[in-house]
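Enquirer: Structure for this input, please:
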Amino acid sequence: MNSTGARKMEKSLRKNFLNALHGNPVNRIPALSVTQTGTVELMDMTGAAWPEAHSDPEKMAKLAIAWHEIAGLEAVRYPYCLTVLAETMGCDVRMGTKDIQPSVLSHPFSKGPENLRIPENLLEKGRIPAVLKAAEILVDMIENEKGREIPLIAGMEGPLTVFTHIADIKNCLIWALKKPDYFNTFMETCTELCIEYANSLFDHGADALCMPDGGIVGSRMMPPSVLEDSVKPFYKRLRRKVNGPVILHICGDAGDPLRTLSECGFEAISIEEKVSLKAAKEAIGDRARLIGNVSPSRTLLFGTPDAVKAEAKKCLSAGVDILAPGCGIAPGTPLANIRALVEARDEWYVEKG
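Expert: Modelled structure (predicted):
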C-alpha cells in the first residue's frame, strides 16, 4: 500500500470499525482486540505496568494507546480487568502483579439479596473515576495526534459476571434453579448497575463496549431454559437502555447458546477458538456480527508469527466480521505475534486479489 493509501486507511479506522459493528460495508475487516490487551513487553516499553495501570489513569491510558501506536492494532482497548464493578459492590479484590490480573477474593452477598443495592454516587466509587479519567486522557491523545479517528473500546463486566462475583458462581447456579426470585433480584440489580456504568463510559468517549459475560453460559453449566427465560430479558433490557454499541464476549464453548444470545440486541458477539466459526455464523445469522477467534494461548502466546497468520487467515476465510483474539491477550504474549494479526489481514487481502 502506498503512503496515500496508508494515510487513508489510518483516517478511516474509527469509521471502519463502527461500520463493521453495524454490518455496513468496510474498507477492510478490522484487526484489533475487544478483550484485555496488557502485556509485559508493552509495559516495559511504555513504563506503564500492572498493577499500577489498573488504578492510575495516566498509566492506564499510556499502556492502552501503545497497542495502536506500537503493536498496530486498529483500536484502543481499556481497562485490563473484570473487577471494577465487583469492587464497587463490596468485593475484596487482589490487585495482582505485573503479569497477573486482579481477582475477586470475597463474595459479600453469598447469603442472598438482603441489602443488595447499587451504591449511591456509583461513578465516584472504587476505580470507576480512574477508568473514566483514563478515557478522557485517551480522547485527548487521539484528538491531538490522530484526529479522533481511532476507535476506543471500553471493557466492563456484564451482569452475570457481577452476579457471580458478589454472590459466588455456585450460588448463582443454585438460585437459578431453586430460588428464581433470588436469581431475578440479583440480575435486576446487576443489570441496572451495568447500565449506569456503561452509559458513563460512553459519556466519557468510548465508541463501543466489550462486555465479557456468561462464562457459565460458555461452560454449559447454565441450563438453556435459564438463559432463555431468566437471562435473555435482562440482556435485552441492557441493550435498550445503553446508549451505544455493545459487544458480548462469551468464554468457553458457547456454540449452543449463540442463537439465543444473538437475539438479545448486541451489535456483535466475540467468541473463543473452541467455537466453530461455521456453526457460529449459522446460529447468529445476520442478527449480530461475529468477532474472533485466534487462540490467545495456543497460538498468540506460544505460537510463532507464521502460526498466528495461518490461523488468522482461516478466521478471515470463515467469515469473521472483525479479526481478534478469541479471549483476553495473555500478559506474556510476544509483541511480534500481535503485529502478525494485522499483517495477516493485509496479506489475506493481497492473496485474495
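
Enquirer: if I pick the residue lying closest to residue 34 once chain neighbours are set aside, what's in contact with it?
Expert: Nearest residue to residue 34, sequence neighbours excluded (Cβ to Cβ, 6 or more residues apart in numbering): residue 210, at 4.1 Å. For the C-beta atoms, the positions are set from N, CA and C on the backbone; glycine is no exception. Residue 210 makes contacts with 34-35, 77, 153-156, 246-247, 249, 270, as judged by Cβ atoms under 8 Å, 6 or more residues apart in numbering.

Enquirer: pull the CA atoms of whichever strand or helix holds residue 210 into CSV?
Expert: According to DSSP states H and E, residue 210 maps onto strand 208-212. Extracted in CSV, the C-alpha atoms of strand 208-212 (Å, rounded to 0.1, in the frame of the first residue of the first chain):
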residue,chain,number,x,y,z
ALA,A,208,-18.1,0.7,21.9
LEU,A,209,-18.2,-1.5,24.9
CYS,A,210,-17.0,-5.1,25.2
MET,A,211,-18.9,-6.9,27.9
PRO,A,212,-17.3,-10.2,28.8
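
Enquirer: list the buried ones in it?
Expert: By neighbour count on 16 or more other Cβ atoms under 10 Å, the buried set for strand 208-212 is 208-212.

Enquirer: what mean pLDDT would you report for that strand?
Expert: For strand 208-212, mean pLDDT is 98.

Enquirer: Give me the sheet partners of that strand and which way each runs.
Expert: Strand 208-212 has the following sheet partners, assigned by DSSP bridges: strand 152-155 (parallel), strand 246-250 (parallel).

Enquirer: of all the ones you listed, which lies closest to residue 229?
Expert: With Cβ to Cβ as the measure, strand 246-250 is the member of these nearest residue 229 (18.2 Å).

Enquirer: after the closest one, next one along is what?
Expert: Using DSSP H and E, the helix or strand that follows strand 246-250 in sequence is helix 258-262.

Enquirer: The helix or strand that comes right after that next one pairs with which strands, parallel or anti?
Expert: Heading C-terminal from helix 258-262, the first helix or strand you meet, by DSSP H and E, is strand 268-271. For strand 268-271, the paired strands and their directions (DSSP bridges) are strand 246-250 (parallel), strand 289-294 (parallel).

Enquirer: Residue 129: neighbour count?
Expert: 13 (other Cβ atoms under 10 Å).

Enquirer: before we move on, what about the one 3 residues further on?
Expert: Residues near residue 132, counting by other Cβ under 10 Å, number 21.

Enquirer: for residue 182, same thing?
Expert: The burial count for residue 182: 19, using other Cβ under 10 Å.

Enquirer: so it makes contact with residue 175?
Expert: Yes - between residue 182 and residue 175 there is a contact under Cβ atoms under 8 Å: 4.2 Å.

Enquirer: Can you get me the centre-to-centre distance for the strand holding residue 210 and its chain?
Expert: Taking Cα atoms, centre = their mean, to the nearest Å, one finds the center of strand 208-212 at 4 Å from the center of the full chain.

Enquirer: No further queries at this time; thank you.
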